[in-house]
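could you work out the structure for the sequence below:
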Amino acid sequence: MTLRSSGVFDTVAGLPVHALVLHVVVLAVPLATLLGLLFAYPRTRNWARWPLAIVAVGTLGATFVAQQSGQELERALGIRPGNPVGDLIEKHERLANQLLILVAIFAVLAVASALLVSRLDVAPRRPPVALEIGLPALLVIAGLVMSFWVYRVGDLGARAVWNPQGTADYSTSAQR
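Take a look at the predicted model:
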């Protein structure tokens, strides 16, 4: 298939941007979640503070580029609903839009956590419980939901590309 578009989110060195940047999201989301877990644990909070904020904002940027480049790729390939691939891509796109919102929520929580949750070793007094426990707890929950959502989005995208009919059997027993 030939790509018919020449937008910003189209290709890099002949490869679709979407195929390149989605791998950044697939790696960055679990990394951001791991940093959120480390931030929630008081002993590693100070170490994880700024890496968490930086990775969360970078993940938001990568997710935005993945979403935009996916829409560009869909247009360039002329994919429309009404067939197995188009229907899967439509579901994939819906979940990807939700993922962008989840990543944005996580990024806001991560930056707020990095800025508002006091540093335990330099704080003259203990912060309010809502900040010390509540914000990191929300961060962990958001990270886990975001990680699950990136799995769902990726699964639908992979099925649309590799097995839209659902008929292929990739098990080793099928090759015998």
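
next SSE downstream of the least confident helix or strand in the chain by mean pLDDT?
Across the helices and strands of the chain, mean pLDDT, DSSP states H and E gives its lowest value to helix 129, namely a mean of 72. Sequence-wise, the next helix or strand downstream of helix 129 (DSSP states H and E) is helix 135-162.

quick one: mean pLDDT over that following helix.
The pLDDT scores in helix 135-162 average 95.

and for stretch 27-43?
Mean per-residue pLDDT for stretch 27-43: 96.

touching the least confident helix or strand of the chain from outside, list them.
Outside helix 129, no residue is within contact range by CB atoms under 8 Å, 6 or more residues apart in numbering. Where C-beta positions appear, they are placed from N, C-alpha and C, glycine not excepted.

repeat for stretch 106-118
By CB under 8 Å, 6+ apart, stretch 106-118 touches 32, 35-36, 39, 45, 49-50, 52-53, 55-57, 59-60, 126-127, 131-132, 135-136, 138-139, 142-143, 146.

again, 6 Å this time
With CB atoms under 6 Å, 6 or more residues apart in numbering as the test, stretch 106-118 has contacts from 49, 52-53, 56-57, 60, 127, 131, 135, 138-139, 142-143, 146.

which residues of the protein fall in helices?
17-40, 42-77, 84-116, 129, 135-162 (DSSP state H).

which parts of the second one are buried?
If you call a residue buried by 16 or more other CB atoms under 10 Å, then helix 42-77 has these buried ones: 45, 48-49, 51-53, 55-57, 59-74, 76-77.

again, but for stretch 142-157
Here stretch 142-157 shows Ala142, Gly143, Met146, Ser147, Trp149, Val150, Val153, Gly154, Leu156, Gly157 as buried, counting by 16+ other CB under 10 Å.
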